[in-house]
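Engineer: Provide a 3D model corresponding to the input given below.
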Amino acid sequence: MPTADELKQRIETAIPGATASVESPDDVHFSARVAAPAFAGKSLVQQHRMVYDIFTGELGSAIHALSLKTEVT
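Structural biologist: Now for the predicted structure:
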């Protein structure tokens, strides 16, 4: 099972310049806020897809839910 800190580190590693904060009450349901210059010019759906793609194969299993808020920095 991944932890909130592991998700934060993976997001910040995968998206150049990203700053993430991730919370989880149970290490299965996660809430993340991600800010990154890489989101510039992308729609909200595209921004979320960039984050969700980091966890391909884990969403719906090890990561039961991931709620996102994204913003351009």
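Engineer: can you pull out the helices in this structure?
Structural biologist: 4-14, 44-52 (DSSP state H).
Engineer: name the helices or strands packed onto the last one?
Structural biologist: If I follow you right, that is helix 44-52. Applying 3 or more CB pairs under 8 Å, 6 or more residues apart in numbering; DSSP states H and E, one finds that helix 44-52 contacts strand 29-36, strand 65-72. C-betas here are computed from N, CA, C, even on glycine.
Engineer: Swap in 10 Å and give it another go.
Structural biologist: If contacts are counted by 3 or more CB pairs under 10 Å, 6 or more residues apart in numbering; DSSP states H and E, helix 44-52 sits against helix 4-14, strand 29-36, strand 65-72.
Engineer: And for the longest one?
Structural biologist: With contacts defined as 3+ CB pairs under 10 Å, 6+ apart, the secondary structure elements packing on helix 4-14 are strand 19-23, strand 29-36, helix 44-52.
Engineer: partner strands of the second one, parallel or antiparallel?
Structural biologist: The one in question is strand 29-36. The strands beside strand 29-36 in its sheet (DSSP bridges) come out as strand 19-23 (antiparallel), strand 65-72 (parallel).
Engineer: Can you tell me which of these is most buried?
Structural biologist: Counting by mean count of other CB atoms under 10 Å, strand 19-23 has the highest mean neighbour count of the strands paired with strand 29-36, with a mean of 17.
Engineer: Centre of the chain to that strand, how far?
Structural biologist: 8 Å (CA atoms, centre = their mean, to the nearest Å).
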